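quick one: sequence and predicted model below, then my questions.
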Amino acid sequence: MRRQILCVAMAASVAVLPRLSFAQTVETVQQTIQINPGGGAGAIQIPGLGGPRQFKTGTGRIRGRVLAAEGGGPIRRAQVRISGQDIAPKAALTDAQGRFEFRDLPAGRFSLQATKSGFMSVQYGQTRPFESGKPIELLDKQMLDNADLSMPRGGVISGRVTDEFGDAIPDVAVTAMRQTWSNGRRRLTAAPGRIAQTNDLGQFRIYGLPPGEYYVSASMRGGGLELLDLEVMISGAQQGGPTASTPKSGYAATYYPGTPNASEAQRISVGPGQEVTSADFGLVPVRLARISGIVISADGKPLEGAGITAAPAARDVTAAPIGLGGARTAKDGSFTLASVPPGDYILQARSVQVITSTQGDNMMVFRATAMGGGGDSEFGSVPLAVAGEDISNIILTTSKGGTAVGQVSFDGGRPPSVSSIRITSSAADADGPSIAGMGSVKEDGTFELKGLSGTRVIRLGNAPPGWILKSVKLNGTDITDTGAEFKPGETTSGLDLELTQKSTTVTGSVTAPDGALLKDYTLVIFSENPEHWRYPNSRWVTGSRPDQDGRVKVQNLPAGAYYAVAVDYLPTGEWGDPEILDRLKGKARRFTLAEGATENLDLKLTREY
């Protein structure tokens, strides 16, 4: 039952948690999920979220077919998923003719995505690799009967992973990665869903890849050791009884053709439907280190049950296949991380409280204490350089985070209730800690956010219908994009999150040089101020694709001066690269967007920039 509850909790957390390693995910779930001892399965709650979402139904319908790009034949039993702001995600399977249907849809904007083993995953309206799909704009009672999706055959990279003796290594995670613009910088990022595992012969096969250039990475858990038993990680139980030998050597995460350095990796080009074989390489053997020490809390006492992780200091590679396993501190605050490969790390300690219900093994209660807004949570970190030798006697001191006190105000009117609003924080630095804090808003509009450290950007979630964030100010100074610095143990007051109903809207269409209306393009809108381009996940920069009729709609941009340009093709997210925006600027149209205004743009397609 314990395992079942944890699985349900993890599934419920997917929408609100960042991408983490396995150990971090378990730790985060422990800190986040609350299971009511007096309730059943329906009593699971996620702190920081509002009440149950109210989904809409209607009389609209979307029908279509999933067809093979080569030959146009039907693809049977492909999975088609629909998503939209006002509906719960649903999936349909295509029939023998490749047909699918979604009924009882309300008016709104919807996205479709089709998946099938051996084919590229595609979105409705997607015509090129890594391109965003098109939204479907459905009116009330509208019937759309030609929402067809074309699926090309995916490429394949296959090979074999061996050790330093040439012997096969099973159960190695192998990932295809590509260079993308992600969260403020260019990084190696795993192709979505494309992780393979070697078999008993050391062979792997990564399939369904769009045409492009990839780097192949192979990694073993803990450098060659399996992660701690799940039950031990969940309960926080300390190891006892017999001891076992720990190897002094293991394997570093290795890139094809056999290097631990991402900068030395070789690219593998994959054409449409092409299978690239013989991507064989060996894992690089390294000397593993044992890291041990003690964690001291802010009151000078050993901190029991704290979660310990070693996160890579370099962030040029994201979504690595497997992260390092974590550890928990014992009663005396001591900890040990075994089998740590060489590298530069940030050793982190977070206080965690896990309470198990006394009503038997059927219920567990997890209380949040270390989510950046988790009450009296404590956090500490130190840089750590590991070169293959054991490191002991580390003293890691934690501190209670800072506290933010403020209020939510409203520009014109006030919603009936504000208690559903959640205040969140995230690191202003793109490479800062990924776990964000959450706090609740009281009915009088005040809030308190605890456990903060460093420079944090404040945002809100679950805003009342029709309301959006206008600004975040600290004692009158606008910190919406820059964030504010919070120091351990200090209280920062004077925060004001202003909400408004005056949302902006940009609509438009694009024509070819001959005047013909186009239905396939990407619209990029970006601030006139280059400083706005450099914020991670900047709210001043966006890319959008037209709907099924060729019309584009972008909402909730901040008021200000912008450039707009329509290009033939731009992979998803690449519009965040300042170098690309600088090139587009000379081809773009300038316009000013006033607060609450609607701007209609008629643009010509730009093919070269």
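Received, thanks. Fair warning: this is a prediction, and the values are worked out from it, not measured in the lab. Numbers count the residues shown, from 1 in each chain.

in stretch 330-340, what's buried?
330, 333, 335, 337-340 (16 or more other C-beta atoms under 10 Å). Quick note: C-beta positions are derived from backbone N, CA and C, even for glycine.

how about stretch 573-581?
Neighbour count says stretch 573-581 has 574-578, 580-581 buried, by 16+ other C-beta under 10 Å.

which among the residues you listed gets closest to residue 456?
Comparing those against residue 456 with C-beta to C-beta places residue 576 closest, at 20.9 Å.

does the closest one touch residue 541 like I think?
Yes: using C-beta atoms under 8 Å, residue 576 and residue 541 qualify as a contacting pair, with a distance of 5.9 Å.

list the residues that are in contact with both of those two.
residue 533 (C-beta atoms under 8 Å, 6 or more residues apart in numbering).

give me the number of residues near the nearest residue to residue 260 once chain neighbours are set aside?
Counting by C-beta to C-beta, 6 or more residues apart in numbering, residue 252 is the residue found nearest to residue 260 once chain neighbours are left out, at 4.2 Å. Residue 252: 21 surrounding residues under other C-beta atoms under 10 Å.

which ones are touching residue 252?
Listed by C-beta under 8 Å, 6+ apart, the contact set of residue 252 reads 223, 260, 283-286, 341-343.

could you redo the last one with a cut-off of 6 Å?
260, 284, 286, 341 (C-beta atoms under 6 Å, 6 or more residues apart in numbering).

tell me how many other residues surround the first one.
If I follow you right, that is residue 260. 17.

go on, the last one?
Other residues near residue 341 come to 26 when the count uses other C-beta under 10 Å.

pretty sure it contacts residue 287?
No: with contact defined as C-beta atoms under 6 Å, residue 341 does not count as touching residue 287 (8.5 Å).

rewinding a little: farthest-apart pair in the buried residues of stretch 573-581, please.
574 and 578 (11.2 Å).

in the stretch 101-250 of the chain, which spans are strands?
Assigned by DSSP state E, counting those that start in this stretch, the strands in the stretch 101-250 of the chain fall at 108-115, 122-123, 136-138, 143-144, 149-151, 155-162, 173-182, 185-197, 203-209, 212-219, 249-251.

and these: which comes nearest residue 272?
strand 155-162 (7.0 Å).

identify the residues contacting the closest one?
Outside strand 155-162, the residues that reach it (C-beta under 6 Å, 6+ apart) are 168-169, 172, 176, 198, 202-203, 205-207, 209, 218, 268, 270, 274-277, 279-280, 282.

so it versus strand 173-182, what angle?
Orientation note: strand 155-162 sits at an angle of 130 degrees relative to strand 173-182 (axes from the mean of the first three to the mean of the last three C-alpha atoms, to 10 degrees).

average model confidence for strand 155-162?
Averaged over strand 155-162, pLDDT sits at 97.

what helix or strand is the nearest residue to residue 519 once chain neighbours are set aside on?
Once flanking residues are discounted, residue 519 sits nearest to residue 550: 3.8 Å by C-beta to C-beta, 6+ apart. Using DSSP states H and E, residue 550 sits in no helix or strand.

picking that back up, in JSON lines, list the strands of the stretch 101-250 of the chain along with distance to residue 506 and mean neighbour count.
Converted to JSON lines, these look like this (distance: least, C-beta to C-beta, whole Å; neighbours: other C-beta atoms under 10 Å):
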{"stretch": "strand 108-115", "distance to residue 506": "15", "mean neighbour count": "20"}
{"stretch": "strand 122-123", "distance to residue 506": "22", "mean neighbour count": "21"}
{"stretch": "strand 136-138", "distance to residue 506": "15", "mean neighbour count": "22"}
{"stretch": "strand 143-144", "distance to residue 506": "24", "mean neighbour count": "16"}
{"stretch": "strand 149-151", "distance to residue 506": "27", "mean neighbour count": "22"}
{"stretch": "strand 155-162", "distance to residue 506": "36", "mean neighbour count": "22"}
{"stretch": "strand 173-182", "distance to residue 506": "22", "mean neighbour count": "21"}
{"stretch": "strand 185-197", "distance to residue 506": "27", "mean neighbour count": "17"}
{"stretch": "strand 203-209", "distance to residue 506": "34", "mean neighbour count": "20"}
{"stretch": "strand 212-219", "distance to residue 506": "31", "mean neighbour count": "22"}
{"stretch": "strand 249-251", "distance to residue 506": "51", "mean neighbour count": "20"}
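
identify whichever of those lies nearest to residue 456.
strand 185-197 (19.4 Å).

before we move on, back to that, I'd like the strands of the stretch 101-250 of the chain laid out as a markdown table, including distance to residue 593.
Listed next are the strands of the stretch 101-250 of the chain as a markdown table, based on distance: least, C-beta to C-beta, whole Å:
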| stretch | distance to residue 593 |
| --- | --- |
| strand 108-115 | 20 |
| strand 122-123 | 28 |
| strand 136-138 | 21 |
| strand 143-144 | 31 |
| strand 149-151 | 34 |
| strand 155-162 | 41 |
| strand 173-182 | 24 |
| strand 185-197 | 27 |
| strand 203-209 | 39 |
| strand 212-219 | 35 |
| strand 249-251 | 53 |
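
closest one to residue 67 among those strands?
It is, among the strands of the stretch 101-250 of the chain and with distance given as C-beta to C-beta, strand 149-151, at 5.5 Å.

what does that closest one rub up against?
With C-beta under 6 Å, 6+ apart, strand 149-151 has contacts from 66-67, 69, 75, 114, 119, 122, 124.

give me the below-cutoff pLDDT ranges for the stretch 351-500 of the chain.
Across the stretch 351-500 of the chain, the ranges flagged by pLDDT under 70 are 352-376, 430-437.

which stretches of it form strands?
Counting by DSSP E, counting those that start in this stretch, the strands of the stretch 351-500 of the chain are 353-356, 364-367, 378-386, 391-397, 399-400, 402-411, 422-427, 437-440, 446-452, 454-461, 468-474, 477-478, 484-486, 491-500.

show me what counts as buried in the fourth one.
By that I understand strand 391-397. In strand 391-397, counting by 16+ other C-beta under 10 Å, buried: 391, 396.

can I get the helix or strand encompassing residue 579 in PDB? Just the C-alpha atoms.
Secondary structure from DSSP H and E places residue 579 in helix 578-585. C-alpha atoms of helix 578-585 as PDB (Å, rounded to 0.1, in the frame of the first residue of the first chain):
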ATOM      1  CA  PRO A 578      19.100  36.700 -28.100                       C
ATOM      2  CA  GLU A 579      21.400  36.100 -31.100                       C
ATOM      3  CA  ILE A 580      18.400  35.000 -33.200                       C
ATOM      4  CA  LEU A 581      16.300  37.900 -31.900                       C
ATOM      5  CA  ASP A 582      19.000  40.400 -32.800                       C
ATOM      6  CA  ARG A 583      19.000  39.000 -36.400                       C
ATOM      7  CA  LEU A 584      15.200  39.100 -36.600                       C
ATOM      8  CA  LYS A 585      15.000  42.700 -35.400                       C
END
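
ok now the following helix or strand past that helix, how far from the chain's centre?
Remark: after helix 578-585, the chain's next helix or strand is strand 589-593, criterion DSSP H and E. Taking the mean of its C-alpha atoms, strand 589-593 sits 31 Å from the chain's own mean (C-alpha atoms, centre = their mean, to the nearest Å).

go on, stretch 440-447?
Taking mean C-alpha positions (C-alpha atoms, centre = their mean), stretch 440-447 and its chain are 28 Å apart.

and which of the contacts of strand 149-151 is nearest residue 510?
So of the contacts of strand 149-151, ranked by how close each gets to residue 510 (C-beta to C-beta), first place is residue 124, at 18.7 Å.
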